[in-house]
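>>> Could you work out the structure for the sequence below:
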Amino acid sequence: MMSPMKPTLPHHIGFIVDGNRRWARERGLTTFQGHKRGYERMKDVADWVFAREIPVASFWIFSTENWKRSKTEVRYLMNMVRRLLMKEVDELMKKGIQLRVTGRLDNVDRDIKELFEHALARTANNARGILNLVFNYGGQEEMVDMVKKILEIRPQVRMVTKDLLQKYIYSPDLPDVDFVVRTSGELRTSGFLLWQATYAEYLFPKRMWPAFSEHDLDEALKEFARRNRRFGGNDSKNPVQ
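Take a look at the predicted model:
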């Protein structure tokens, strides 16, 4: 008797973690309480993702647009990043998870940059999965930085190809994103991993990020498995690469 086929899973799933503040307002809580719950939920979702043997999970935790928020809120969010980098790395080591970052680190506080560098180096050899923090990231900003790098490193270049550009994105060695989930019902991508998510499938559940459950994840993965990914013309879900 043949065993049932495993459902198709993404290789790299990305989360736009939207709705922390609205979730808090609906419950009479502070913005900070919403962000704290969202932080805890990110850790939960990462565990659920890696338990399903999905190799890479990206979470957009701070965008270049978020600097426009109040100084108090930005300070709170930066302190949460510090907490993650100081207190969660031991757990990542126990779980065998490698930490990565996609975004700009040249214009953040020096201690945050150093904490990222330390955490990246410490977890570099972990092989069970990759937790990629999309931090201080903007899709258009990545394109600008990509061009600047090429002009700086290869000013004489005349032939511009996709392969060349690929080398100068923020995380060129990570696989492309297969599946993007944006919570809270907002129907836009906001420039999330523009280059990397060119052929990603998208899902926009109405659930606010702090309320996103393990059941919600499984329902999202079922929806991904149902999609017929044509990649511009191929009718197969698993096209020849």
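>>> all contacts plus neighbour counts: C-alpha atoms, from now on.
OK.
>>> Spell out for me which residue occupies the centre of the chain.
S58 (2.3 Å; C-alpha atoms, centre = their mean).
>>> Name every strand pairing with the helix or strand that contains that residue and say which way it goes.
If you go by DSSP states H and E, S58 is part of strand 56-63. With DSSP bridges as the test, strand 56-63 is paired with strand 12-16 (parallel), strand 129-137 (parallel).
>>> quick one: the helix or strand following that strand to strand 129-137, angle?
Next helix or strand after strand 56-63 toward the C-terminus (DSSP H and E): helix 71-87. Direction vectors for helix 71-87 and strand 129-137, defined by axes from the mean of the first three to the mean of the last three C-alpha atoms, to 10 degrees, enclose an angle of 150 degrees.
>>> Can I get the helix or strand following helix 71-87 in CSV, CA atoms only?
Downstream of helix 71-87, the first helix or strand assigned by DSSP H and E is helix 89-95. Provided in CSV are the C-alpha atoms of helix 89-95 (Å, rounded to 0.1, in the frame of the first residue of the first chain):
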residue,chain,number,x,y,z
VAL,A,89,20.9,33.3,21.0
ASP,A,90,21.4,30.6,23.6
GLU,A,91,18.0,29.2,22.6
LEU,A,92,19.0,29.3,18.9
MET,A,93,22.1,27.4,19.7
LYS,A,94,20.2,24.7,21.5
LYS,A,95,17.7,24.4,18.7
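>>> Tell me the helices and strands packed up against whichever helix or strand comes after helix 89-95.
Remark: after helix 89-95, the chain's next helix or strand is strand 97-102, criterion DSSP H and E. For strand 97-102, the packing partners by 3 or more C-alpha pairs under 8 Å, 6 or more residues apart in numbering; DSSP states H and E come out as helix 110-123, strand 129-137.
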